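Colleague: Generate coordinates for the sequence data below:
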Amino acid sequence: MRKWNNWLGHHPTLRRLQLIAFLRSIGQGFAAVETSLYLRELGWSGAAIGGLFAAAGLFRTLITTFTAELNALLGPKNYLLLYEVLTAAAALLVIVSSGTATLCLAIIVAGFGMGHSGSGGPAAPIERRWLGAFSRKLTILFGKHALLGYAGMGFGALIACLTPLLRDWLPDREAYRLLFILPAVCAAAGVALLLSIHGGARRRAATAEEANLAASPSSASSPSVKPALSRRMSLLLAGGIILLGLLILFVGGYAEFPILSAFMPVLLFLLLIALAMIRVAGGSPEEMNGVMNIVQTVAVTLTSTMSAYWFSERFQVSTSEVGLVIALSYLLAGVLAYALIHASERFGPIKPVVNLQLAGAVCVLLLPLAASFVPAAILYVLCSMFNLGTRGTRYAVINAQPARKQRSRSSRLASFLIRLGAILWPGAFGRLIDEGEHILPFFFAAAIQLFSTWRYSKKEQTKAPLS
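Modeller: Here you go, the predicted structure:
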């Protein structure tokens, strides 16, 4: 037990935060397999499922955009508590009702089916910042964090394989609904662990000197929350107008040109990435690196989005088979993430990531060309392992950058545009699958990944060693 505690971390709060991330990942891994298949069982089309995931992605983007303000208002502990409570409540909603409105509310609030990257969703930025306060060895810290996250997701995906066994005693839909008790229990356990943590109060209440400085004339130039809120509200308004225009085109073009209308979100995604790059062009290298980190995070998760639905539609396989494939991919991604700790110490944090993600892009290109389930499953496991296994090292690079201060408006707008573009992907993926296009979505994802990997490799010239 002592060795386990030492491996998790030297501080009780650090150990509890790592366990909370593990528990949350169990629920995420379960939902990544179960959500789209449950909706398919209810008769939802791929376009409808993708549209719901897009709405959930929009909600997560809104919360992530206001993370700094919410953290200042609530503090990291209360922020994470609220997130876990909402997740538990959403899981209970899925259990008690299969109504469309109830399911939409639960999936949008909790992001069920959206956590394919294992990043932790809106909880991740605050959690990583809190974790980083306990250690300077970021590569080791985030390598372990990624290992625990993917191990939890693999375990959750394995539990999703139990759905066919429950069908011997329960109707199909009831079997899916009953198993959503898992994310509810995991979230409740996370709440209990958070309540046992001392500290994590909101920073505004931490010192009385800040209040005195704020009242003095010399503090007039200090940044406040209100200007930040107004700036971000303008970003959200602009993004909402863009998204509304897209939806009008998306729906209006469906009847006459279904394939072309399915590509509209893809084209807008490319446009938003291009606009984001233009916004930070000429800025500091740190701003460009921050934007490309977001592009890369989006790129490596495009393949896994709607993956359970794709396997089910393409090869007509059962929930157990899909769950086993996804579980194995997460478990191997966790092993690779931990192995990269030592590789990063020897070769640096950039080169191993670039090589692995190039190999992952090749697997993504080959995946839709597989003629049967077994080779497709092998390729999916490999591309997920190569792509997701680099997460811990990439986060260590991000958190090690000196420019972790207030980001410029251009950088924030660029980040928001990329996240807004990623929201469009599930809907486009689902529509293309409904139209029989099982190959093009993966070629597009591979192209974005190759671009982001090439741009990420440019950091080799300016990297700093991570201790």
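
Colleague: And the residue lying closest to Met385 once chain neighbours are set aside, which helix or strand is it part of?
Modeller: With CB to CB, 6 or more residues apart in numbering as the criterion, Met385 has its nearest non-adjacent residue at 4.2 Å, and that residue is Leu332. In short, each C-beta sits where N, CA and C put it, glycine included. Assigning secondary structure by DSSP states H and E places Leu332 in helix 319-347.

Colleague: Which SSE is immediately downstream of that helix?
Modeller: Counting by DSSP H and E, what follows helix 319-347 is helix 351-366.

Colleague: Next, the buried residues of that following helix.
Modeller: 352-357, 360-366 (16 or more other CB atoms under 10 Å).

Colleague: Can you tell me which of the residues you listed is closest to Gly57?
Modeller: Using CB to CB, Val364 is the member of those that lies nearest Gly57, at 20.3 Å.

Colleague: which regions of the stretch 351-467 of the chain sit below the pLDDT cut-off?
Modeller: 396-414, 417, 421, 459-467 (pLDDT under 70).

Colleague: For it, just list every one of the helices.
Modeller: For the stretch 351-467 of the chain, helices defined by DSSP state H, counting those that start in this stretch occupy the ranges 351-366, 373-388, 391-400, 409-434, 440-457.

Colleague: And those helices: which comes nearest Leu131?
Modeller: Going by CB to CB, the one of those nearest Leu131 is helix 391-400, 9.0 Å.

Colleague: picking up where we left off before, taking helix 373-388 as reference, get the angle to the helix holding Leu332.
Modeller: Taking axes from the mean of the first three to the mean of the last three CA atoms, to 10 degrees, one finds helix 319-347 and helix 373-388 inclined to each other by 40 degrees.

Colleague: average pLDDT across helix 319-347?
Modeller: For helix 319-347, mean pLDDT is 86.

Colleague: what packs against that helix?
Modeller: Under the contact definition 3 or more CB pairs under 8 Å, 6 or more residues apart in numbering; DSSP states H and E, helix 319-347 sits against helix 12-41, helix 138-160, helix 163-166, helix 307-315, helix 351-366, helix 373-388, helix 391-400.

Colleague: Adding distance to Thr297, write the ones you listed out as JSON lines.
Modeller: Formatted as JSON lines, these follow (distance: least, CB to CB, whole Å):
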{"stretch": "helix 12-41", "distance to Thr297": "15"}
{"stretch": "helix 138-160", "distance to Thr297": "13"}
{"stretch": "helix 163-166", "distance to Thr297": "30"}
{"stretch": "helix 307-315", "distance to Thr297": "17"}
{"stretch": "helix 351-366", "distance to Thr297": "11"}
{"stretch": "helix 373-388", "distance to Thr297": "10"}
{"stretch": "helix 391-400", "distance to Thr297": "7"}
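
Colleague: starting at the chain centroid, how far to the helix holding Leu332?
Modeller: 16 Å (CA atoms, centre = their mean, to the nearest Å).

Colleague: again, but for stretch 442-457
Modeller: The answer for stretch 442-457 is 17 Å, by CA atoms, centre = their mean.

Colleague: Now do the contacts for Leu331.
Modeller: Counting by CB atoms under 8 Å, 6 or more residues apart in numbering, Leu331 touches 150-151, 154.

Colleague: In PyMOL, select just the buried ones from those residues.
Modeller: Filtering the contacts of Leu331 down to the buried ones (16+ other CB under 10 Å) takes a single PyMOL command:
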select buried, resi 150+151+154
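
Colleague: that older thread, for the helix holding Leu332, buried residues please.
Modeller: Neighbour-count burial for helix 319-347, counted by 16+ other CB under 10 Å, picks out 319-338, 340-341, 343-344.

Colleague: ok, back up a step: quick one: which of the buried residues of helix 351-366 is nearest to Gly99?
Modeller: In terms of CB to CB, no member of the buried residues of helix 351-366 lies closer to Gly99 than Val364, at 36.6 Å.

Colleague: Not counting its neighbours along the chain, what's nearest that closest one?
Modeller: Distance criterion CB to CB, 6+ apart; nearest residue to Val364, sequence neighbours excluded, is Ala446 at 4.2 Å.
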